[in-house]
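Student: What follows is a predicted protein model with its sequence.
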Amino acid sequence: MEYEAVIGLETHVQLKTRSKMWCGCANEFGAPPNTNVCPVCLGMPGVLPVANDEALRLTALTGLLLNCTIPAFAKFDRKNYFYPDVPKNYQITQYDRPSTVNGYVDFEFQGGISRVRIIRAHLEEDVGKNFHFERTSGVDFNRAGVPLLEIVSEPDITSADMAYEYLNALKDILIYGGVSDCDMEKGMVRCDVNVSVRPRGEKKLGAKIEIKNMNSFSGVRRALDHEIPRQIEVLKKGGKLSQETRRWDEFAGITENMRSKEEAHDYRYFPEPDLMPFAPTQQWLAEVRSRVVELPLARKQRFMATYQLPAPDATTFVYDIPLANYFESAATGSKNAKPIANWVINNLRAKMAETQTALEAVKIPPDDIQELITLVESGRISSKIAQEVFAEMFATGTAPEKIVEQKGLAQVSDAGAIEKFCDEVIAANPKSAADFKAGKAAALNFLKGQVMKLSKGKANPNLVGEILERKLKG
């Protein structure tokens, strides 16, 4: 019997706010332990939470970026559980009325476009962080109360590789939208994996097993590569799988049982009594919509369709937004954007890296890239001379036409002048001339190079080749 995996992911993302969710403490990574804390985020008696408006906006923005519906009414709830890193002994979250519902993420996978549906993206607060030393343990509450978005997918994922690509696509969307920096080394993104297996073609889901607190996407992939075969092996041997929570042991490369899986009633959810329900106004939603940006996949597809760029070039511009904006300015009005992309990616970007120059400090106006290409395509300068002109453009910001005029770099296309160069080269290299006449085609390239050298790179190379060939065959 063949089995298939059914995978859903719960991705926890810290939002990019200056302060925490319910208080004015800094949302800051790396501060000394327990310094970004106050009575509110420490859960002291008698304190009251006040919702962070920017966190609410970023949640709605995420919903729009993930093609979700923004309900007209949302509320917060208390999720009760007792761990040392939860100072209040409950977490303020959203249970049955979240801020965003029913969306999807499209992403590239195995040569096509796959879609994973999003059940909800709800807003809650992060917890502190436990530290375990040789003989003692401690808790740093700096992270407690940081706004956290939980993005819950439908079980639409069918493999470890698909989960990996979905997570990367989701991260790119959140970074593009300015929702989160998604720095996994700083714990800004964490993931819980829900996975089950079932006979291929069967509709009923198998026992759901959760793998908790994965802190890297590659770790998610490795954990699934272990867990899916483990579950299949149990079933093939006649065993039974039960709903449970497991942990991933990175060093051993295995998952281990932690506890039986909690159900919703175990958390004793009830509406948060200290916070009013949230009903966004149309004006508020309009302000959030104004922050929606073009997403990575849409941008790549547009660059390929509009500018006829190959996928690698389009991908380069997806992951370097300032360079992409520069390219689009340079390509305005051009009928062939590929040469412009080549100069921006291969020449401009390389020169920036070589000189450690930021794009905003580049002296070349985008229009001048198109002008340089026109000089080459019209035959006014050669490709070799264009490199020299570009270097001067980068150093001084001078327009390419002006550089050509000032330095006398215009290409020689006068047939009479080029014939004289060719005659001199043929006379000076009789063996190469004889080799070409004897059928050695490579000899022509040598002679052509000598003509270009004699003309100091100014002779029109196409015309040089034509004249040399005519003279040698004549």
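Tutor: In hand now; what should we look at?
Student: all contacts plus neighbour counts: C-alpha atoms, from now on.
Tutor: Noted.
Student: Contacts for the top helix by length along the chain, please.
Tutor: Across the chain, the helix with the greatest residue count (assigned by DSSP state H) is helix 217-236. The set of residues external to helix 217-236 that reach it, using CA atoms under 8 Å, 6 or more residues apart in numbering, is 3, 5, 159-161, 163-164, 167-168, 191, 193, 195-197, 214, 240-241, 248, 250, 253-255.
Student: let's see 6 Å
Tutor: Helix 217-236 is contacted from outside by 160, 164, using CA atoms under 6 Å, 6 or more residues apart in numbering.
Student: Point out where this protein drops to low pLDDT.
Tutor: For the chain, the stretches with pLDDT under 70 are 261-262, 264, 474.
Student: How about the residue nearest the centre of it: what's its closest non-neighbour residue?
Tutor: For the chain, Asp172 is the residue whose C-alpha lies nearest the centre (CA atoms, centre = their mean; 3.6 Å). Excluding the flanking residues, the one nearest Asp172 by CA to CA, 6 or more residues apart in numbering is Pro296, at 7.0 Å.
Student: For that neighbour, what are phi and psi?
Tutor: Main-chain dihedrals, Pro296, degrees, to the nearest 10: phi -50, psi -50.
Student: quick revisit: list the buried residues in the strand or helix carrying the residue nearest to the centre of the chain.
Tutor: Assessed by DSSP states H and E, Asp172 sits inside helix 160-176. The neighbour-count check on helix 160-176 (16 or more other CA atoms under 10 Å) flags 160-167, 169-176 as buried.
Student: Can you report how many residues lie near Lys300?
Tutor: 23 (other CA atoms under 10 Å).
Student: Just say helix, strand or coil for it.
Tutor: At Lys300 the chain is in helix, as set by DSSP: H, G, I helix; E, B strand; the rest coil.
Student: got the contact list for it?
Tutor: Ala314.
Student: Check the spacing between it and Ala311 real quick.
Tutor: Distance from Lys300 to Ala311, counting by CA to CA, to the nearest Å: 8 Å.
Student: can you check Tyr269 too?
Tutor: Computed with CA to CA, the distance linking Tyr269 and Ala311 is 48 Å.
Student: Quick check on those two: which one has the bigger neighbour count.
Tutor: Shown here are Tyr269 and Ala311; by other CA under 10 Å, Tyr269 has more neighbours (19 against 13).
Student: Was I right to think the more buried one contacts Lys79?
Tutor: Yes - taking contacts as CA atoms under 6 Å, Tyr269 lies within contact range of Lys79: 5.0 Å.
Student: Quickly list the domain ranges of this protein.
Tutor: For the chain, automatic domain parsing gives the domain ranges 3-289, 296-399, 415-473.
Student: picking up where we left off before, what is the subsequent helix or strand relative to the longest helix of the chain?
Tutor: Once helix 217-236 ends, the next helix or strand along the chain (criterion: DSSP H and E) is strand 244-249.
Student: Quick one: work out the angle between that following strand and helix 217-236.
Tutor: Counting by axes from the mean of the first three to the mean of the last three CA atoms, to 10 degrees, strand 244-249 lies at 130 degrees to helix 217-236.
Student: buried set for strand 244-249?
Tutor: Residues 244-248 are the ones in strand 244-249 that count as buried (16+ other CA under 10 Å).
Student: If we only consider those, which is nearest to Ala417?
Tutor: Nearest to Ala417, judged by CA to CA, of the buried residues of strand 244-249 is Trp248 at 75.4 Å.
Student: Bridged to the closest one, which residues?
Tutor: Listed by DSSP bridges, the beta-bridge partners for Trp248 are Thr255.
Student: any idea how far it is from Ile228?
Tutor: Distance from Trp248 to Ile228, by CA to CA: 13 Å.
Student: returning to that earlier point: count of neighbours near the residue nearest to Asp172?
Tutor: By other CA under 10 Å, the residues close to Pro296 number 22.
Student: what do you get for the one 5 residues further on?
Tutor: Look at Gln301: counted by other CA under 10 Å, it has 17 neighbours.
Student: helix/strand/coil for Glu424?
Tutor: Going by three-state DSSP: Glu424 is helix.
Student: And for Lys79?
Tutor: Under three-state DSSP, Lys79 falls in the strand class.
Student: now do Ile211
Tutor: strand.
Student: who touches it in this structure?
Tutor: Contacts of Ile211 by CA under 6 Å, 6+ apart are 192-193, 245-247.
Student: In the strand or helix carrying Ile467, which residues are buried?
Tutor: Following DSSP H and E, one finds Ile467 within helix 461-473. Buried residues in helix 461-473, counted by 16+ other CA under 10 Å: 461, 463-465, 467-469.
Student: Make JSON lines from the residues you listed and add distance to Leu375 to it.
Tutor: Formatted as JSON lines, the buried residues of helix 461-473 follow (distance: CA to CA, whole Å):
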{"residue": "Pro461", "distance to Leu375": "14"}
{"residue": "Leu463", "distance to Leu375": "16"}
{"residue": "Val464", "distance to Leu375": "18"}
{"residue": "Gly465", "distance to Leu375": "20"}
{"residue": "Ile467", "distance to Leu375": "22"}
{"residue": "Leu468", "distance to Leu375": "24"}
{"residue": "Glu469", "distance to Leu375": "26"}
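Student: tell me the two of the residues you listed that are most distant?
Tutor: Checked with CA to CA, these reach their widest spread between Pro461 and Glu469, with 12.3 Å between them.
Student: what touches both of those two?
Tutor: Contacts common to Pro461 and Glu469, judged by CA under 6 Å, 6+ apart, are absent.
Student: so the spatially closest residue to Cys68 that is not a sequence neighbour bridges to which residues?
Tutor: Among residues not flanking Cys68 along the chain, Gly103 sits closest, at 3.8 Å (CA to CA, 6+ apart). With DSSP bridges as the criterion, Gly103 is bridged to Ile118.
Student: and what of Asp192?
Tutor: Beta-bridge partners, per DSSP bridges, of Asp192: Glu10.
Student: pretty sure it contacts Glu10?
Tutor: Yes - with contact defined as CA under 6 Å, Asp192 and Glu10 form a contacting pair (5.1 Å).
Student: Pick out whichever of those two has more residues nearby.
Tutor: Counted by other CA under 10 Å, Asp192 and Glu10 do not tie: Glu10 has more neighbours, with 23 against 20.
Student: check contacts around that one.
Tutor: Glu10 is in contact with 151-152, 191-192, counting by CA under 6 Å, 6+ apart.
Student: mind listing the strands for the protein?
Tutor: Remark: strands assigned in the chain by DSSP state E are 3-14, 77-80, 90-93, 101-109, 112-125, 129-132, 137-140, 147-153, 189-199, 209-214, 244-249, 254-260, 270-271.
Student: I'd like the distance from stretch 177-191 to the chain centre, please.
Tutor: Offset of stretch 177-191 from its chain centre (CA atoms, centre = their mean, to the nearest Å): 12 Å.
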